[in-house]
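Colleague: Quick one, structure for this:
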Amino acid sequence: MPLSFEFTARKLVYGGEALGHYQGRVVLVPRALPGERLEVEEALTAKGVIHARPLRILEAAPERVEPPCPYFGRCGGCQYQHLRPELQSAAKRETLRETLRRIGHIGTATWDAEIPVHAAHPWNYRNQAQLKVALQPDGKVRLGFFEAESHRLVPIDACLILSPRLNAILADVRGADWSKRLAGVAPFSEIELLADDRDEEVSITLRGSFDRARAFDDQGWSGLAEECLRLLPGVTSVAIERGRAFRVFGKPALSYAVGDFRYQVSHGSFFQVSRFLLPELVTAATSGGVDAAPANRDALALDLFAGVGLFTLPLARGFGQVIAVESNPRSAADLAANAQAHG
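Modeller: Residues are numbered from 1 along each chain as shown. Here you go, the predicted structure:
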């Protein structure tokens, strides 16, 4: 029988869990806040650390709020909705500071600069989603996200942090008609969505395992891609990915504008998800280097894990040479295309 005990949360750590101790051992509990007392139950002990699940709150922190999402606590996507939105960024800043000190050995004696907080509207901010797909015994398809630390699906109707366009597509594809369409071409396990900067155009990637009994150009898959383009509002590009096989229908890539630059983002390329903060992120990441570069532009900048060139292009305005490093072949191809398009 699992061990239950009283737990006092001391601080938040990376991933949103609260850290405390029980009988001299470290305990990590999700959905708890510093200063709270809870009754918890041991879920797993690994490397001497007790991972516990909360059973009931004995004494709540004043910062606690009722999570607005009905799936919070089951869905593994969000970790901080029980904390007031204006305090979430501050909590993450302190977690970063502690991580730098504990892992990077960067303390106040080495670096004591203020870590600025960048925050935007807390809802509908994501321009991307990776919806998991599961075929149920009744033959219907369910869409949603995995539980935390699990491959169990949590079916969802809508997600409060996805953009309106992505939620509209989710509402369509979880309907009965689309359930039949998706079930007819199973197996596939994920639907990845990316919306552009205007939240108007969307690219969809359908990922699944390779079925040797069915040719890649089987009309079930091709027909599904064409129906996505024809019936789902805003969808302009669809990719079918089955094992190593890959095929794109409609536009080859999405176009995403950030500031003065427009980026080509293909299926499978990495791109930042926080659509409200993207211009501010680019400025924060590049302005210091550009401002400090010599006036004669005789300087070199390195952009590691460059993706499609989100920082590379702005850096090129202030440096004589920018070397961008990216290992993902699709991202690297977009990076080259974006660099060429902007001279």
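
Colleague: now the stretch 201-343 of the chain, which segments are flagged as low pLDDT?
Modeller: Counting by pLDDT under 70, the ranges of the stretch 201-343 of the chain that qualify are 209-219, 292-297.

Colleague: now with 80?
Modeller: For the stretch 201-343 of the chain, residues meeting the criterion pLDDT under 80 lie at 209-220, 243-244, 288-298, 343.

Colleague: Mind checking which residue lies nearest the centre of this protein?
Modeller: In the chain, the C-alpha nearest the mean C-alpha coordinate belongs to residue 273, at 6.2 Å (Cα atoms, centre = their mean).

Colleague: ok, now which ones touch that residue?
Modeller: Neighbour list for residue 273: 125, 126, 127, 128 [criterion: Cβ atoms under 8 Å, 6 or more residues apart in numbering]. C-beta: built from backbone N, CA, C; applies to glycine.

Colleague: same thing with residue 141?
Modeller: 133, 134, 135, 178, 179, 182, 183, 186.

Colleague: Run a quick neighbour tally on the spatially closest residue to residue 253 that is not a sequence neighbour.
Modeller: With sequence-adjacent residues excluded and distances taken as Cβ to Cβ, 6 or more residues apart in numbering, residue 253 is closest to residue 266, at 4.2 Å. The criterion is other Cβ atoms under 10 Å. On that basis, residue 266 has 22 neighbouring residues.

Colleague: repeat for residue 127
Modeller: Each residue near residue 127 was counted by other Cβ under 10 Å, and the total is 26.

Colleague: change the start of the numbering to 55 and stick with it
Modeller: New numbering, starting at 55: the last item is residue 181.

Colleague: Verify the stated contact: it with residue 248.
Modeller: Yes: here residue 181 reaches residue 248: they are 6.4 Å apart, a contact under Cβ atoms under 8 Å.

Colleague: re earlier: show me which of the contacts of residue 327 is closest to residue 132.
Modeller: Distances from these to residue 132 were compared by Cβ to Cβ; the smallest belongs to residue 180, at 10.6 Å.

Colleague: show me the contacts for that closest one.
Modeller: With contacts defined as Cβ under 8 Å, 6+ apart, the neighbours of residue 180 are 213, 215, 216, 217, 220, 327, 328, 329.

Colleague: ditto for residue 222
Modeller: Under the criterion of Cβ under 8 Å, 6+ apart, the contact partners of residue 222 comprise 287, 288.
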